[in-house]
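A.B. asks: what's the 3D shape of this:
(2 chains)
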Amino acid sequence: MMEAYLDNAATTRVCDAAAQTVLKVMREDYGNPSSKHMKGFDAEQYIKKSTEIIAGTLKCQPKEIIFTSGGTESNNMALCGAALAMKRSGNKIISSCFEHASVYSPLISLKDFDFDVEFAPVDELGHIKLDELLNMIDDNTTLVSIMYVNNEVGAVQDIAGISKAVKAKKPDIVFHVDAIQAYGKYRINPKKEGIDLLSVSGHKIHAPKGSGFLYADEKVKLRPLIFGGGQQKNRRSGTENVPAIAGLGEAVREAYEDFEKKIDHIYSLKEHFLERIGEVQGTYVNAVLENQVRKTAPHIVSISFDNIKAEVLLHALEEKQVYVSSGSACSSNHPGISSTLQAIGVKKELLDSTLRFSFSRYTTMEEIDYCIDVLKELVPIYSRFTRR
Amino acid sequence: MNYRAFLIKYAEIGIKGKNRYVFEDALCDRIAEKLAKVAEGFDVVREQGRIEVNYPENYDYDEAVSQMQKVFGVWEICPAYVIEDASWDNLAKKTGDYVEERYGNTKHTFKVEARRSDKSYPITSPQICADMGEVILKRFSEFSVDVHNPEILLYVEIRNMAYVYSESIKGPGGMPVGANGHAMLLLSGGIDSPVAGYMVSKRGVTIDAVYFHAPPYTSERAKQKVIDLAKLISVYTGPIKLHVVNFTDVQLAIIDKCPRDELTIIMRRYMMRIAEHFAYENKCQALITGESIGQVASQTPQSLVATNAVCTLPVYRPVIAFDKQDIVDIAEKINTYETSIQPYEDCCTIFVAKHPVTKPNLNIIKKSEELLTEKIDELVQTAIDTDELIIVGKHKKHEED
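C.D. replies: Have a look, this model is predicted:
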C-alpha cells in the first residue's frame, strides 16, 4: 500500500543533511560550547555557522538570532519578554482572533500581570480586518502580534502592509510575527517588512524537534524567561542544544537552496489537489478564492466534508496510510472546535467536519492522487452513517 | 539459628475445609510470582495457617511489601523474627533482643499477644503472655504495660519454631486469584469496567477480557487506552488475555437496519453474544460487566433485562448498586482512574441516539433484530474470527519464553 504523509504542517521528516549533522555533533563534536578547550570551540563553531546561515536568509545580523527549543518557546519569549520589558511604557497588547495557542495562551497569562489584550477579527479568507486592528491601538499599546501563515487554513497576511499601518499610527509599537508556518516557505526580510520579533520552529522545516529560533531586532528589549549561566548573551540561559542548532542550520540552508523551484513544486501539489478535490462528493475548500491559490500558503489546504465527522475520516484515511490532521495537531488532544474555522466563518455543521492536508517538498503528485482516490472511495461510505 | 522472614496472614481461605490446600497453594504461587519481580531467591513456604516468606540477602524491602500488598488473599504482612530454638530461656532472650533492636529502651506501652499452635509446648498462651510481659518489663525500664491501647502489640507465635513480630501491614484481603474459576470481562475504556474486573478478581477469579474496537470510528489511542487499563488491573488479577474484536461492521449493520433509538441496546446484545463466545472458548464460568443501575440508558433495569436475555452464562455485575463516586473511589485506589478519563471516544458513544430507549421491550427488540437476519451471523462470525489477542501482565518467567 502506498503511504501519503500529508500532515507536514504538524511536523516534517528531518532532511538527511540535518540528520547526519545532528548525529555527527552528538557522536564526535559533543563539547559544551562554553568550554574553553578545543572540544568547546568546535561545538561553538556549529552554532556560529547556523547563526550565519539563518541571518543570511533574513538579511539580518547574526546577533539578532536567539536559539530556542522551538516555536512555542519563541512565541513565549517574544510576547512575555517584550511585554514585560516595556511594561513601563504601556500595558496593551493586540493580536488576532485566530492565532496559534502558543501565542494565545501566553497573552492570556499576561492578563494576570495587568496586561490588557485585544484580538482583532479576520474575514472569511482569514485576512485581518486592518481597520479594526488599527482602531484598537491606543497610547498604552506596546506590542502587536500577528501570525504570518495561519496553521489551520493557510491564510497569509500582508505583514508588511499591516506593520506599516500599525507603525504609522504608533511608531514605537513592537511588531511580533509568528512565522512558524511561513519561514522556509517565504523569503522574509524583517527589516524591510517592519518585523521586530519573528518566531520560527525547526521541525516544520525538516529540522529536528526541539530546535527553533527567535529573531529579535537589536533595538528590541526582551526580558529573559530563562535565567542561568548567561548563554546567548544572557537572553536565553542553558547550554545550547548544539546538535539541534546544527541540524537547524543545515535544514535552513537546504530550504532556501533552489528556493523558488521547491516552492513551485509545493504550489503545484496544492493546485492539483484543489483541482481534483471536486471529484469527492460534498467537499468545501476553506479560505481560498478560485485562481488565487498562490495568494495562500503553498503547503496547507483546509477541506470541509458534508456529513462526516473529521476524526472518523481521519482514522479511515489512516487505515489507508494517508495521514492528515483534524484541526491543528497541537491542539488535537483537546476535543474542541477550531476557533480558526469559526473565525473565518465556516458553517457550524462543518466545524467538526474539517480536515487539514499539508504538504512538503518531499510530497509527490502520486501521493496527492492516491489521497484523492482514497477520499473518493471512503467519503461515500462514511457519509452514510452519521451521528444524530 | 534465628532469621527474619515475612509472616503472611490470610483472609477467608482459612475456613475452607478440605479444599484449603487449593487456596493456600494458589496464594503461595501468587506471592511467589509477585516477589520474582522484586529479586531472585525468595522462598514462599506454607506453614499451618500462615505463609512464611524467606527473602534473599539483597532485595528492596518497600518494593517487596508493595508487591505483596497487591496479592488478593493476603490479610496482613508481618515482618517477623524467627527463633528456631523456642525453648523458654532462649525465646525470652531473643524476644528481648528483637524489642531492643526495634525500639531500644525508650518510653513505650506494650502488650504481649501469644498463640501456641504447637500444643506440646509446655507453656500455655496466657502464661506466655504473662511471663514474656515480665521479661520485657525487667529488661526495659522505660516500658510499661497497657492491655487496652498498647503502642506496641508484641506477638509471640509458637509453631515448630517461634515467630516474634510487632508490625502488621494491611494486605488487600479477598481470595487468591486462581482459586475460584475464570471469567470474561467486557472491558471498555470507561471507569466502571476495570473496577468490575478488579472486584471479581478479588474473589479469586482469573480474568480474560474482550474489547470492542470500531475503527475508524474509534482510534488506535482508544484501543491503547484499553490495553493500558488491562495492564493496570493485571497488577492485581495476574495475566489477562485481551481479545480485541473489530465491531465496526456489526455496528454499521445495526445502524443501517434497526431503529436508531434501539441502537445501543441491540449493540450491547451483540457484544454480550460475542463476549460469551469467547467466554465459552476460554472455559469461563461467567461474564463480568461494569454496569450500574440507571447510570445510562442502556443500564436501566429494563435495558439490563434486554441485554441479559442473550446470555446463558451468569453475568457478574459487581458495581450494580454502586454510586458513581464509589466506583471512582475504587478506580483511584487501583490507579485506573487517570487512564479511564482520557478523552477518546468508544464505540458505545459514537452513534448514540439523542433519545435512546430507556425501557426497551424485549419482544420489540427481538423484532428489530430480525431485520438483521440476512447477514448478521456472518458479520458476527467474522468479528469473532478476526479478533486480535493481546496478553498483558505476563509473569517474569513467561516473558523470557
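A.B. asks: okay, CA-based contacts and neighbour counts for the rest of this
C.D. replies: Will do.
A.B. asks: For the stretch 151-300 of chain B, which segments count as helices?
C.D. replies: Assigned by DSSP state H, counting those that start in this stretch, the helices in the stretch 151-300 of chain B fall at B:192-201, B:220-237, B:248-257, B:263-281.
A.B. asks: so how far is the second one from its chain's centroid?
C.D. replies: The reference is to helix B:220-237. How far helix B:220-237 lies from its chain's middle: 15 Å, per Cα atoms, centre = their mean, to the nearest Å.
A.B. asks: The closest residue in space to B:Arg317 that isn't next to it in sequence and B:Leu304: what is the separation?
C.D. replies: Excluding the flanking residues, the one nearest B:Arg317 by Cα to Cα, 6 or more residues apart in numbering or on different chains is B:Thr289, at 5.3 Å. Separation of B:Thr289 from B:Leu304 (Cα to Cα, to the nearest Å): 11 Å.
A.B. asks: and if you look at B:Ile169?
C.D. replies: Taking Cα to Cα, one finds B:Ile169 at 41 Å from B:Leu304.
A.B. asks: So between these two, which is more surrounded?
C.D. replies: Neighbour count, other Cα atoms under 10 Å in any protein chain shown: between B:Ile169 and B:Leu304, B:Leu304 has more, with 21 against 15.
A.B. asks: After the helix or strand hosting the more buried one, which helix or strand is next? Please name it.
C.D. replies: Per DSSP states H and E, B:Leu304 falls inside helix B:301-308. Counting by DSSP H and E, the next helix or strand C-terminal to helix B:301-308 is strand B:315-316.
A.B. asks: ok, that following strand: who's next to it in the sheet?
C.D. replies: Here strand B:315-316 has these sheet partners by DSSP bridges: strand B:286-288 (parallel).
A.B. asks: what pLDDT, on average, does the strand it pairs with get?
C.D. replies: Rounded to a whole number, the mean pLDDT of strand B:286-288 is 98.
A.B. asks: same question, stretch B:123-130
C.D. replies: 94.
A.B. asks: Would you mind writing the CA trace of that stretch as PDB?
C.D. replies: Only the C-alpha atoms of stretch B:123-130 are listed here, as PDB (Å, rounded to 0.1, in the frame of the first residue of the first chain):
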ATOM      1  CA  ILE B 123       3.700 -23.200  78.500                       C
ATOM      2  CA  THR B 124       0.100 -22.200  77.600                       C
ATOM      3  CA  SER B 125      -0.700 -19.000  75.700                       C
ATOM      4  CA  PRO B 126      -1.900 -16.900  78.600                       C
ATOM      5  CA  GLN B 127       1.100 -17.900  80.600                       C
ATOM      6  CA  ILE B 128       3.400 -16.900  77.700                       C
ATOM      7  CA  CYS B 129       1.800 -13.500  77.600                       C
ATOM      8  CA  ALA B 130       2.300 -13.000  81.300                       C
END
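A.B. asks: Which residues does that stretch contact?
C.D. replies: Stretch B:123-130 is contacted from outside by B:112-116, using Cα atoms under 8 Å, 6 or more residues apart in numbering or on different chains.
A.B. asks: For that stretch, what is the distance to the chain centroid?
C.D. replies: Centroid separation between stretch B:123-130 and its chain, computed with Cα atoms, centre = their mean, is 38 Å.
A.B. asks: And for the helix or strand bottoming out on mean pLDDT in chain A, what's in contact with it?
C.D. replies: When the helices and strands of chain A are scored by mean pLDDT, DSSP states H and E, helix A:339-343 comes last with a mean of 82. Where contact means Cα under 8 Å, 6+ apart, the residues beyond helix A:339-343 that reach it are A:97-99, A:121-124, A:126, A:152-153, A:348, A:351.
A.B. asks: If we only consider those residues, which is nearest to chain B?
C.D. replies: Among these, A:Leu351 lies closest to chain B (Cα to the nearest Cα), at 17.2 Å.
A.B. asks: For that closest one, report the pLDDT, please.
C.D. replies: A:Leu351 is given a pLDDT of 86.
A.B. asks: Name the residues of stretch A:49-57 that are buried.
C.D. replies: A:49-55, A:57 (16 or more other Cα atoms under 10 Å in any protein chain shown).
A.B. asks: wait, I meant stretch B:107-121
C.D. replies: Neighbour-count burial for stretch B:107-121, counted by 16+ other Cα under 10 Å, picks out B:108-116.
A.B. asks: from the chain's centre, how far out does that stretch sit?
C.D. replies: Its chain's C-alpha centre and that of stretch B:107-121 lie 32 Å apart, by Cα atoms, centre = their mean.
A.B. asks: Give me the nearest residue to the residue of the stretch 51-200 of chain B found nearest chain A, chain neighbours excluded.
C.D. replies: Closest residue of the stretch 51-200 of chain B to chain A, Cα to the nearest Cα: B:Gly189 (16.5 Å). Closest residue in space to B:Gly189, ignoring its immediate chain neighbours: B:Val226 at 5.2 Å, by Cα to Cα, 6+ apart.
A.B. asks: ok, longest helix in chain A?
C.D. replies: Looking across chain A with DSSP state H, the single longest helix is helix A:38-58.
A.B. asks: can you list contacts of the following helix or strand past it?
C.D. replies: Using DSSP H and E, the next helix or strand after helix A:38-58 towards the C-terminus is strand A:65-68. Strand A:65-68 is contacted by residues A:51, A:54-55, A:74, A:210-216, A:232, A:235-236, A:240, A:245 when judged by Cα under 8 Å, 6+ apart.
A.B. asks: In the sheet, which strands lie alongside strand A:65-68, parallel or antiparallel?
C.D. replies: strand A:212-216 (antiparallel).
A.B. asks: Contacts for the strand it pairs with next, please.
C.D. replies: Residues from elsewhere that reach strand A:212-216, judged by Cα under 8 Å, 6+ apart: A:64-71, A:74-75, A:77-78, A:196-203, A:245, A:248.
A.B. asks: A:Lys320 and chain B: what is the separation?
C.D. replies: According to Cα to the nearest Cα, to the nearest Å, A:Lys320 and chain B sit 11 Å apart.
A.B. asks: before we move on, what about A:Gly56?
C.D. replies: Counting by Cα to the nearest Cα, the separation of A:Gly56 from chain B is 43 Å.
A.B. asks: now A:Glu73
C.D. replies: Between A:Glu73 and chain B the computed distance is 27 Å (Cα to the nearest Cα).
A.B. asks: Which helix or which strand is home to that residue?
C.D. replies: Here A:Glu73 sits within helix A:71-85, counting by DSSP H and E.
A.B. asks: Which neighbouring elements make contact with that helix?
C.D. replies: Here helix A:71-85 touches helix A:101-110, strand A:141-147, strand A:174-178, strand A:197-201, strand A:212-216, going by 3 or more Cα pairs under 8 Å, 6 or more residues apart in numbering or on different chains; DSSP states H and E.
A.B. asks: Pick the most buried one from these.
C.D. replies: Using mean count of other Cα atoms under 10 Å in any protein chain shown, the stretch among these with the largest mean neighbour count is strand A:197-201, at a mean of 29.
A.B. asks: I'd like the helices of the stretch 151-300 of chain B laid out as TSV, including mean pLDDT and mean neighbour count.
C.D. replies: Shown next, in TSV, are these (pLDDT from 0 to 100; neighbours: other Cα atoms under 10 Å in any protein chain shown):
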stretch	mean pLDDT	mean neighbour count
helix B:192-201	98	27
helix B:220-237	95	21
helix B:248-257	93	19
helix B:263-281	96	21
